[in-house]
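Colleague: With the sequence up front, the predicted model follows.
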Amino acid sequence: MTRDPVDILDRGYELIWRHDDAEAAFRGVAPEFEWIVPGHPEGEVRRGAEGAIQFFREWVEPWEEFHVDWELHRAGPDRVLAVVAMQGRGRESGAPVETRLGQLWTFQEGRAVQMVMYPDVREAFEAAGLRR
């Protein structure tokens, strides 16, 4: 029985952002999984669970405090848009930062095969074919 992609993602975000367990969160992704961040200076695509976990570790490293909330929007039977709100304080600068971004996830046979990040939430909704 295939689990609902919304449930899979909600559990994954819970593991990452509430329990700091990226390994468990990405354990069920497809071997060919792609974590895509357009325009990222160190390369736009990370592959497999290890690539996504590495990106996650790099993302949170510069923060002293970091809190994340998310909302999930079904964008079809195999696509889910996550709107992620992040608040943090820089480890070295102490500067507070708040941001919102979109992450459009695609699933096949109950496993994540791709995530595309959008810094503009409105653009993420458009890419997902959803109205805000």
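Modeller: In hand now; what should we look at?

Colleague: Please make it C-alpha for all contacts and neighbour counts, starting now.
Modeller: Noted.

Colleague: Which helix or strand in this structure has the lowest average pLDDT?
Modeller: In the chain, no helix or strand scores lower on mean pLDDT, DSSP states H and E than helix 48-60, which sits at a mean of 91.

Colleague: Now do the buried residues in that helix.
Modeller: For helix 48-60, a neighbour-count test (16 or more other Cα atoms under 10 Å) marks 48-50, 52-53 as buried.

Colleague: hey, where'd the strands end up in this protein?
Modeller: Using DSSP state E, the strands found in the chain span residues 34-36, 45-47, 63-76, 79-90, 96-108, 111-118.

Colleague: Contacts only, for the residue nearest the centre of the chain.
Modeller: Nearest residue to the geometric centre of the chain (Cα atoms, centre = their mean): Gln103, 5.2 Å. Under the criterion of Cα atoms under 8 Å, 6 or more residues apart in numbering, the neighbours of Gln103 are 81-84, 115-118, 124.

Colleague: do that again at 7 Å, thanks
Modeller: By Cα atoms under 7 Å, 6 or more residues apart in numbering, Gln103 lies in contact with 81-83, 115-118.

Colleague: Show me what the least confident helix or strand of the chain is in contact with.
Modeller: Helix 48-60 has contacts (Cα under 7 Å, 6+ apart) with 22-23, 26-27, 29, 31-35, 46.
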